[in-house]
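>>> Build me a model from this:
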Amino acid sequence: MKDAQVKELILQSLEHEMGGVKLYEAAVQAAQNEELKGEWTKYLEQTRTHVRALEEVARVMGLDPQEECPSRKIVGSLGHSMVAAIEQAIKAGNPAAAELVACECVVLAETKDHLDWELLGEVAAKLKGEAQKALKAAYDEIEDQEDEHLYHTRGWCRELWMQALGFKAVLPPPEERKHVKTAIGAARAEQSRRH
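Residues are numbered from 1 along each chain as shown. Predicted structure coming up:
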């Protein structure tokens with residue numbers, strides 16, 4: 001395992017989660033559907049917990065949670081851009097369009113989160129000692145939440161787009177009603193809406 005890359009992954013994952021807090025704060029403001037707003041409010045609180053967990057992992061691994069590295073700056077810039085996009089959409093004065101922009105930004109961010117936590121799980125399996133315990137504990141607590149964030153928000157995004165297009169929308173989406181937490185479950189939920 002390459003220690004420098006592990007450090008980059010931990011720090012950029014932390015940065016992404018920190019940006020996720022700001023993203024969810026903006027997304028909650030853009031949400032028009034009360035169920036979606038409630039879902040994102042829950043995800044906001046979970047994301048705050050993810051930040052604390054990764055800060056602790058960094059400390060246990062002897063990393064400075066505030067240290068800047070090249071990939072962390074890029075991840076931070078992407079996060080700021082998504083928050084700015086949501087804020088711009090809100091200011092444009094079309095609430096339904098702003099909700100869609102927020103949904104798309106959350107899907108993009110949660111796709112990165114999903115990948116990060118998958119990789120962090122791989123790293124946890126190879127570490128030893130206290131570092132392994134800390135990262136494995138964080139992974140075990142958070143990975144299912146990340147799956148839910150991604151698959152449920154993708155469902156919301158699809159259904160809000162269906163509604164915007166004038167098609168029959170299923171709200172809340174099947175992913176939400178079926179409590180989907182896997183790619184297979186998400187595919188089945190999406191398929192079920194067509195029958």
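
>>> residues contacting residue 95?
Contacts for residue 95 (CB atoms under 8 Å, 6 or more residues apart in numbering) come out as 30, 32. Glycine gets a C-beta too; all of them are placed from N, C-alpha and C.

>>> Now it, what are its backbone angles?
phi -60, psi -40 (degrees, to the nearest 10).

>>> quick one: it from residue 34, how far?
Per CB to CB, to the nearest Å, residue 95 is found 13 Å from residue 34.

>>> in which helix or strand would I find the residue nearest the centre of the chain?
Against the mean C-alpha coordinate of the chain, by CA atoms, centre = their mean, the closest residue is residue 110 at 3.0 Å. With elements taken from DSSP states H and E, the one containing residue 110 is helix 95-126.

>>> and the nearest residue in space to residue 30 that is not next to it in sequence, how many neighbours?
On the basis of CB to CB, 6 or more residues apart in numbering, the spatially nearest residue to residue 30 that is not a chain neighbour turns out to be residue 102, at 3.8 Å. Residue neighbour count, defined by other CB atoms under 10 Å, stands at 32 for residue 102.

>>> For residue 102, give me its contacts.
Shown in contact with residue 102 (CB under 8 Å, 6+ apart): 26-27, 30-31, 86, 89.

>>> Those: which two are farthest apart?
31 and 89 (11.9 Å; CB to CB).

>>> Pick out whichever of these two has more residues nearby.
The neighbour comparison of residue 31 against residue 89 (other CB under 10 Å) goes to residue 31, with 24 against 21.

>>> thinking the more buried one is in contact with residue 99, fair?
Yes: in terms of CB atoms under 8 Å, residue 31 counts as a neighbour of residue 99; the distance is 5.8 Å.

>>> returning to what we had before: my guess is the residue nearest to the centre of the chain meets residue 146, correct?
Yes: under the contact definition of CB under 8 Å, residue 110 touches residue 146, with a separation of 6.9 Å.

>>> List the residue ranges of this structure that fall below the pLDDT cut-off.
By pLDDT under 70, the weakly predicted segments of the chain are 195.

>>> Mind doing that once more with 90?
Applying pLDDT under 90 to the chain flags the ranges 1-2, 4, 69-70, 174-195.

>>> residue ranges of the helices in it, please?
Defined through DSSP state H, the helices belonging to the chain, from first to last, are 3-30, 34-60, 70-91, 95-126, 129-164, 174-177, 183-192.

>>> Distance check, the residue nearest to residue 30 against residue 28.
When CB to CB is the yardstick, residue 102 and residue 28 sit 8 Å from each other.

>>> How about residue 105?
Noted for residue 105: a distance of 12 Å to residue 28, by CB to CB.

>>> more neighbours, those two?
Legend: neighbour count by other CB under 10 Å for residue 105 and residue 28, higher for residue 105 (25 against 18).
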